[in-house]
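[1] Sequence and predicted structure are below.
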Amino acid sequence: MENQSISQLYSELSLNPDLPTLVERCKLLTEILLDCKSLPQTQPVSRCLGAYLDEVKRGLVESMRDFQVVEFEENEEQPRQKEWLLEDTETKCDYCRALNHVLLVSHFDREMLPHLTGLLHDITHSIAADVIAPRCENRVIHIIS
């Protein structure tokens, strides 16, 4: 319930952005976190990131219905559930949410801040690589004859 009220504080989230947009915002927020040098700087960014990560989690759960890897049994007509295509991405999102929670509520050695925010940054960028498809219009294909 608390997460839902926090999400309502950020107007962009009320517009129901798509999953790639949410992940891009998370990447940006983790880049901002890398520049934070103290807990008072970190906490507002972490609260915002938490709201966005919660929406990413919801988006992943919803999209998982569309990205199910199935396996057909020889004698069965209906496919049997095998695994989710974005299951690892959902796990990474859970890791990010846990790390972000640590930044929000824990008292830790100031020397650990860059390591925690760096790890959060790296995992978030890994999620982005899973979710955001590369844009083909930027590629140049050279045909050698």
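    Sure, I can see it.

[2] Report the mean per-residue pLDDT for the top helix by length along the chain.
    In the chain, assigned by DSSP state H, the helix with the most residues is helix 39-64. The average pLDDT within helix 39-64 is 89.

[3] Buried residues, it. List them.
    Counting neighbours by 16 or more other CB atoms under 10 Å, one finds that the buried residues in helix 39-64 are 42, 45-46, 48-57, 59-60, 63. In short, each C-beta sits where N, CA and C put it, glycine included.

[4] and if you look at stretch 87-103?
    Going by 16+ other CB under 10 Å, stretch 87-103 has these buried residues: 89-90, 92-93, 95-97, 99-100, 103.

[5] Report how many residues lie close to L119.
    Other residues within reach of L119, judged by other CB atoms under 10 Å, total 14.

[6] check contacts around it.
    L119 is in contact with L99, counting by CB atoms under 8 Å, 6 or more residues apart in numbering.

[7] Give me the phi and psi for it.
    Backbone dihedrals for L119, given as degrees, to the nearest 10, come out at phi -70, psi -40.
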